[in-house]
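only geometry, no sequence info:
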């Protein structure tokens, strides 16, 4: 199988590329930077390219030829309070458009688009796929506009397309700050752990290895789906307080938990209903204790 992965040098992209190469798939990585991680693999090649440059994307796919599937991971991620919409549209909309144009022009019939729970906004949880999107920030809006492009190209040009709305992904070497990564750092150093909303709010963030499993499951069935949207999250919702307690136990830490009434980013539970993925994909995310133990073995 010949797979193109956009954003192959990023957090999820690296994990996907490693998984596919070990299965002896031919992997072609597209990113705005290169990596030396996979230099020993003969079935791997990579190209440094800006996805928003339509001419370079067209020229590149003209050379690649015959691709079985594109896994479109690349995206400008939310960083602090950056609300400049154009910055997100350049990669998340224009880049997606160029990848889809390549699918159309070079007869690539399968694509998986990695989206985000951010497209939903602050809807009441558990959030199902048929919930009307209402993005809570410019990043979520740019991802939803990308989804709309995928749907359009799927309908007009008969491209088998699957959209995965991912909850926050955690794991070793994640390139964005996140609750679980922050908790591990504090617990390992025996520092106090401050939890907002008294640690009561629930999420079902997803371990990166579970996302890789989900994408492999989609690859097997993508031609049957034609077009589908799946929520991909952790096994079950869990509060930040319960996660903290588990991490403290795993690390054998002396950290004390401080519960604050203040809210930060979210003021209510936000988690995804993943029953559709369980039913149609047979997706079974691992229990969080096992994922946290794996992460601790290699934590930075």
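Yep, that arrived. Treat the numbers as computed from the prediction; the structure is a model and nothing was measured. Numbering: from 1, shown residues only.

residue 281 and residue 218 touch, don't they?
Yes. Between residue 281 and residue 218 a contact is recorded at 6.5 Å, counting by Cβ atoms under 8 Å. To be clear about C-beta, it is placed using only N, CA and C from the backbone, and glycine gets the same treatment.

quick check: neighbours shared by these two?
Common neighbours of residue 281 and residue 218, counting by Cβ atoms under 8 Å, 6 or more residues apart in numbering, are residue 230.

so, low pLDDT: which residues of the chain?
Filtered on pLDDT under 70, the chain yields the residue ranges 80-83, 265, 299-300.

scan it for its longest helix.
Within the chain, and with DSSP state H defining each element, the longest helix by residue count is helix 138-157.

list the contacts of residue 248.
187, 193, 255, 257.

right, and out of those, which lies closest to residue 2?
The nearest member of the contacts of residue 248 to residue 2, counting by Cβ to Cβ, is residue 187 at 42.7 Å.

what about the helix or strand the closest one falls within, distance to the chain center?
Secondary structure assignment for residue 187, by DSSP states H and E: helix 179-188. Here helix 179-188 is found 20 Å from its chain centre; the criterion is Cα atoms, centre = their mean, to the nearest Å.

which parts of that helix are buried?
Residues of helix 179-188 classed as buried by neighbour count (16 or more other Cβ atoms under 10 Å): 179, 180, 181, 183, 184, 186, 187, 188.

nearest to residue 64 among these?
residue 181 (34.9 Å).

what's the spacing between that closest one and residue 245?
17 Å (Cβ to Cβ, to the nearest Å).

do residue 228 as well
Relative to residue 245, and taking Cβ to Cβ, residue 228 is found at 37 Å.

more neighbours: which of the two?
residue 228 (20 against 14; other Cβ atoms under 10 Å).

sec struct for that one, please.
strand (DSSP: H, G, I helix; E, B strand; the rest coil).

residue contacts, it?
So residue 228 contacts 161, 162, 163, 280 (Cβ under 8 Å, 6+ apart).

can you check residue 277 too?
Counting by Cβ under 8 Å, 6+ apart, residue 277 makes contact with 214, 230, 231, 232, 283.

please give me every residue in contact with the nearest residue to residue 25 once chain neighbours are set aside.
Spatially, and ignoring its direct neighbours in sequence, residue 25 is nearest to residue 1 (4.7 Å; Cβ to Cβ, 6 or more residues apart in numbering). For residue 1, the contact set (Cβ under 8 Å, 6+ apart) comprises 25, 26, 68, 69, 219.

do a quick rundown of the helices in this structure.
Here the chain has its helices, by DSSP H, at 11-22, 54-64, 85-89, 96-105, 138-157, 179-188, 208-225, 240-251, 275-281, 288-297.
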